[in-house]
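Peer 1: starting from these lines, generate the structure:
(3 chains)
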Amino acid sequence: MLEQRKKKAVGITSAVLIGTLAIAGCSNGNKEGGASQSASASASPKASASASASASPSGSAGSTSEPYTLKWLKAQDISVPYDPANDVVKQAIEKKLNVKIDAEMVDVQQYKTKLNLKMSSEDIPDVVRIDFADDFQKYAPLGAFVDLTDLINEKDTPNIMREVPPEVFEQAKVNGRIYGIPYQGGPGAGYRWDLVMRKDYLEAAGASVPKTLDEYYNLLKKIKADRPDVIPLGGYTAQIGQVKFANNSFDQIFGAFGVTPGYFTETDGKFSNYDIDPRMKDALLFLQKMYKEGLIDKEFATIKEEQLRAKLYSGKLFSWMGWWSTANDYDTQVETNELIKSKKLGASDKLPDQSGQPFKYLALTSSLTGADGKAVAPAGAPFSQMTAISAKTKDPKRVLSIIEDSLSPENQMLTVWGIEGEDYKIENGKMVTVTDLLDPATKQDKNGHYRGIQSYLFAPGLNGWPRYLESLPLRFSQSLDVAINNPYQITDASNFLDSPTKIAKLTELNTMRDSVFTQIIMGGDIKKFDDFVEKWKSQGGTQILSELEASFQKKAGK
Amino acid sequence: MELATPGTTAGETTGTTAGKTERTRLKAGPGFRRIWKFKLLYILLLPALLWVLVFDYLPLYGVSIAFMDYNVIQGFSGSHWAGLKHFRALFGSEMFVHAFKNTLLISLYKMISGFIAPILLALALNEIRTRWFKKTLQTAVYLPRFVSWVVYGGIITLLLSPETGLVGKMIGWFGGSSTYLLVEPAYFRTILVVTDAMKEMGWAAIIYIAAIAGLNPEVYEAAVVDGATRFKRIVHVTLPGIASTIIVIFILRVGFVMSAGLDQVINLYNPMVFEVGDILDTYIYRIGIEQFNLSLAAAADVIKGVIGLALVLAANRIAKRIDPDSGIF
Amino acid sequence: MKLTRGESAFATTNYILLTLLTLVIVLPFWYVIIVSITPYSEFSAKDGMVLFPTSFSIEYYAYLLKKGSLIYHAYGNTIRNTVAGVLLALFLTTTVAYALAEKRLPGRKGIILIFVFTMLFKGGMIPTYITIQQLGLLNTNYVLILVMAFSAFNMIIMKSFFESIPESLRESASLDGASEFRILRQIILPLSMPAIASVGLLYMVVYWNDFFSAMLYVSDWSKAPVQLVLRSIIASSSLPPELLETAGRTPPPTVGIQMAAIVIVALPMLIVYPLIQRYFDQGMMVGSVKG
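Peer 2: Residues are numbered from 1 along each chain as shown, chains lettered A, B, ... in the order given. Reported below is the predicted structural model:
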């Protein structure tokens, strides 16, 4: 305890940045994902004119000059063996783009901290992938990145313009200038959560997948009556510092009332926030009722995601909000557990990959509609990150042209999917990834090389990386489909608008909200909500709203 | 340490007188010669001083960013002076003040229990006569030190879980109803204090155990001869013997009153107990996530440091009142 | 010494209470060990409350200790850093503590203040990082040894130990004609063994457990200590799914890995501590003073 106290005194700054580290993942506002640069699958070809892609005549691509050395900070899963010096895909990319990539590996969770450290010292990577909201908006005005406003246009950077339309660049501007290229990656922007239910419990109750809140509520009551050991709706707690209450655990309930915690709204130029919306009160009362009736996990306010998973695996949960990519894992785990229980599998046995099979135990659906037949679901912003060029790099124009070059359709396929014929094949016009290329233990191909796909890329993938959906196995494409095509999804109206008070005060407001909302759900007096609304407004909320309105006018007036 | 040249205490027979003469001889000398007498000691100081200079004082320039609007990219040249702006902002924030109060309270509770517990533990362990048993216990109690709060917090959460938790079940045996302890504001601080003691007392006890080991066994023997019971021996021999160590550690701990245990609170707290559990460090931690405002964080650090230093000096002075030989200065 | 009835009652109560307390304290660690060898299926079936498992699994250890894992090399780094670090730290700490134990040293209070000041005021993570960088220490083999090599807190504790060595011992020895160094070797040092051992232990655990300094200053995984490697492995398996748009990579559930990691790291310390404990035996006084 003595040593620890001392270490705490080693600067709150450390704590601040440890916090950044520990929450690195969740700080993405848990609405959008895609912060990691490790494996992922590609995106749907949203019919953007891929045919017209000219090999960019902009700048380099020339084997005439020396390869440009790019210092690169790479988020890497340390538990998996990898060596950048022995990566054939990387070498292919380097050859094609005429660069030499000097990669420094850092663990995914430490990425943000290391990046912040580097930004503050002299050791900045030449190109950085950086969160828009938290970091980019802070660093850009400080002069960290190259001003690209005059360098990006149809003539010089057609690939970039094709990937990122001018309206999106408008949103990404800071102080009216363009300091980076928006990035989303993976499946592209959109809602990512499904409402997941145990199919077997559902069927045993003689019900079908509910569409409205009322149906869902009655279903939960029935499940509770039939199976007293099962928790009808599971939830888990947000990590400290997370923006959103309860981590999306109750999206579907809030949504049916037409609200979603934390989001700003805009109607006719006037701004508000769902947190102070009267409908939020109704939603909270409803949740309070559900909690009282034992329909919500008593522990939702203290358990973490992992404990939720444990309950889920052992069959103690009936329904929960699930991130799209977890559905396969969960179904497989449930199936594994069931087989272990019935002794068909040993206690430590694992099932082979089930992702090509239809779901056996889980049923997925999107939003539940409320009394007005509508709902809302909190989708992420059109882009959550930026690719930015360090102001201290030697030749910014060259770096930009490298990026431009990498976004040709051919090069995108290379950086996202790897080498055609080896990492993937095109059969009947559809892309198929070669899944048995790597030895699962060593992660090397049969020649002993690593293959760093989706590791060294700039592809913004705002609508998803090329051919992303095609590459997904059945279960993944189903779960993604349900989520991303949710007809009721909305985005936060304050995305990309300027509000210094929001940056300064929003955490405090959100912490207050989390505290009050949790208390109400667990039985607290609903009057606390009204008190909270007043406090929200007076402690910065009103200020934020007026700043947003001003920023909105400014951008609209442009 | 006497620097008298070996064995030349001219002719005195009694030790104390000789010593006194030595001391007077040294004291009487003019300043420079005094320092020269101690030259060996000063040389001994050098390595650590050098280390501290390089690793602690060089980076200290960082404290100045508390008074600036620090621009991380431009460094100092690009940052503007902000004076006391951040300090005013902190004291003006309702949450900050609230966290401040919580910090003081929790630290106070922890001082009382968390400070006493290791001492009692060391005393109790000392009374064990069986060597192997003593060793085993000693090793066992310092084990939780190796479990980070991330994991330890998770275990506590599990044990206190309303339905399945062990603690809940035990309360049930004794007839009480199993309440969800972790979300009750009334219990949260107690949970913090108790779990912290459990985790750290074995570790903190090490110092006291070592202190006890340094005591002269002859004094004990004398006490036994005088007919003192075990208990009396503890109170009149052991405790006074390690009193100076206790005081020193107390004074040092007082300096850290402004840090009430970031790791622990972060891993145990939940929205329901926010009002009683939010401490300075967690407040700043949250601000840090959204803002990455180094200047604000540095300002908070300065406040903590100043208060800590003042407390240490005050505690030292109080200790000196009681016993002039005690204290760290 | 014959024990009176009261004394043996006291002794027995002491034993019982201590044992109970120890069990309570050790319980979480016991839990850690158990979970690390329980298959996840049983863990989740019992909602995590496993104290006496019915089946066993080494899947977590296998995952962490698989062939070619960074752990082995990292372990070597940790051992090297710790041994060298503790030696350095003891050197730095003992020299200063000894010097400052002399109450008549001119300027003593000021010097102590210099050290105490550094305990409470720190430059912050980034200035420290930059300093290390300017010194060219980043990512070297020495940085981790140097960076934790001194703690003013420990120094003050050791100083207080030295101060508690009675003056009379030294005096009578020097009266007997002993040289300075002889006094040091034959009297001071043996008496200080508990102090040196305990402060050494304090440093040792800090070095052994460190991961934060490693994360900041080491970018080469071949130089990483075992705590850093383990934390990273755990972190990647526990990332909330929102962070990974992955399809299909399923490591064993985090909790088991975390527990196994703790055991792997704590084990050596469990072995070392009992070895050091003999220095904590009371009455390490050699050549006691007569009269």
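Peer 1: next, count neighbours for residue A:170.
Peer 2: By other Cβ atoms under 10 Å in any protein chain shown, 13 other residues sit near residue A:170. Placement of C-beta: from N, CA and C, glycine included.
Peer 1: for it, what is the enclosing helix or strand?
Peer 2: Assigned by DSSP states H and E, residue A:170 falls within helix A:166-172.
Peer 1: right, and the helix or strand after that helix?
Peer 2: Once the chain leaves helix A:166-172, the next helix or strand it forms, by DSSP H and E, is strand A:181-183.
Peer 1: which elements pack onto the helix holding residue A:170?
Peer 2: Helix A:166-172 makes packing contacts with strand A:181-183 when contacts are defined by 3 or more Cβ pairs under 8 Å, 6 or more residues apart in numbering or on different chains; DSSP states H and E.
Peer 1: show me the contacts for the closest residue to residue C:268 other than its chain neighbours.
Peer 2: Residue nearest to residue C:268 in three dimensions, not counting chain neighbours: residue C:208, with 7.5 Å by Cβ to Cβ, 6 or more residues apart in numbering or on different chains. Counting by Cβ atoms under 8 Å, 6 or more residues apart in numbering or on different chains, residue C:208 touches C:78, C:82, C:227, C:265, C:268-269.
Peer 1: neighbour count, pLDDT and secondary structure added to these, as JSON lines?
Peer 2: Shown next, in JSON lines, are the contacts of residue C:208 (neighbours: other Cβ atoms under 10 Å in any protein chain shown; pLDDT from 0 to 100; DSSP: H, G, I helix; E, B strand; the rest coil):
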{"residue": "C:78", "neighbour count": "26", "pLDDT": "94", "secondary structure": "helix"}
{"residue": "C:82", "neighbour count": "25", "pLDDT": "95", "secondary structure": "helix"}
{"residue": "C:227", "neighbour count": "22", "pLDDT": "87", "secondary structure": "helix"}
{"residue": "C:265", "neighbour count": "21", "pLDDT": "86", "secondary structure": "helix"}
{"residue": "C:268", "neighbour count": "16", "pLDDT": "87", "secondary structure": "helix"}
{"residue": "C:269", "neighbour count": "19", "pLDDT": "84", "secondary structure": "helix"}
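Peer 1: now, which of those sits nearest chain A?
Peer 2: residue C:227 (12.5 Å; Cβ to the nearest Cβ).
Peer 1: which ones are touching the closest one?
Peer 2: C:78, C:208-211, C:214, C:265.
Peer 1: list just the nearest of those to residue A:336.
Peer 2: Of all the contacts of residue C:227, residue C:265 has the smallest distance to residue A:336: 29.5 Å, by Cβ to Cβ.
Peer 1: ok, now how distant is that closest one from residue C:230?
Peer 2: Residue C:265 sits 7 Å away from residue C:230 when distances are taken as Cβ to Cβ, to the nearest Å.
Peer 1: and what of residue A:554?
Peer 2: Distance of residue A:554 to residue C:230, computed by Cβ to Cβ: 50 Å.
Peer 1: between the two, which has more neighbouring residues?
Peer 2: Ranked by neighbour count (other Cβ under 10 Å), residue A:554 and residue C:230 place residue C:230 first, with 26 against 12.
Peer 1: okay, the more buried one: pLDDT?
Peer 2: pLDDT recorded at residue C:230 is 82.
Peer 1: element containing it, please.
Peer 2: Counting by DSSP H and E, residue C:230 is found in helix C:226-238.
Peer 1: take the contacts of residue C:227 and keep only those in helices.
Peer 2: Among those, the ones falling in helices (DSSP state H) are C:78, C:208-209, C:214, C:265.
Peer 1: which two in those residues are spaced the farthest apart?
Peer 2: Greatest spatial distance in the ones in helices among the contacts of residue C:227: C:214 and C:265, 12.9 Å, computed using Cβ to Cβ.
Peer 1: by mean pLDDT, which helix or strand of chain A comes out lowest?
Peer 2: Lowest mean confidence among the helices and strands of chain A (mean pLDDT, DSSP states H and E): helix A:12-22, at a mean of 36.
Peer 1: right, and the helix or strand after it?
Peer 2: Next along the chain after helix A:12-22, taking DSSP H and E as the criterion, comes strand A:68-76.
Peer 1: which SSE is immediately downstream of that next one?
Peer 2: helix A:88-97.
Peer 1: tell me what that next one is packed against?
Peer 2: Counting contacts by 3+ Cβ pairs under 8 Å, 6+ apart, helix A:88-97 packs against strand A:99-107, helix A:396-406, helix A:409-417.
Peer 1: could I get those as a markdown table with distance to residue B:63, mean pLDDT and mean neighbour count?
Peer 2: Listed next are the helices and strands packed on helix A:88-97 as a markdown table, based on distance: least, Cβ to Cβ, whole Å; pLDDT from 0 to 100; neighbours: other Cβ atoms under 10 Å in any protein chain shown:
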| stretch | distance to residue B:63 | mean pLDDT | mean neighbour count |
| --- | --- | --- | --- |
| strand A:99-107 | 28 | 86 | 19 |
| helix A:396-406 | 35 | 91 | 22 |
| helix A:409-417 | 44 | 90 | 21 |
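Peer 1: of those, which is nearest residue A:146?
Peer 2: Comparing the helices and strands packed on helix A:88-97 by Cβ to Cβ, helix A:396-406 comes nearest, at 4.3 Å.
Peer 1: so which of the helices and strands packed on helix A:88-97 comes closest to residue A:354?
Peer 2: For the helices and strands packed on helix A:88-97, the distance to residue A:354 is smallest for helix A:409-417, at 23.4 Å, taking Cβ to Cβ.
Peer 1: need the mean per-residue confidence for the strand ranked longest in chain B.
Peer 2: With secondary structure taken from DSSP state E, chain B has its longest strand at strand B:75-81. Mean per-residue pLDDT for strand B:75-81: 77.
Peer 1: just stretch A:156-172 next, same as before
Peer 2: Mean predicted lDDT for stretch A:156-172 stands at 88.
Peer 1: could you point out the longest helix of chain A?
Peer 2: Chain A, longest helix under DSSP H: helix A:500-521.
Peer 1: so does that helix get close to chain B?
Peer 2: Yes - shown here: helix A:500-521 in contact with chain B (Cβ under 8 Å from any Cβ of the partner chain) through A:503-504, A:506-508, A:511, A:514-515, A:517-519.
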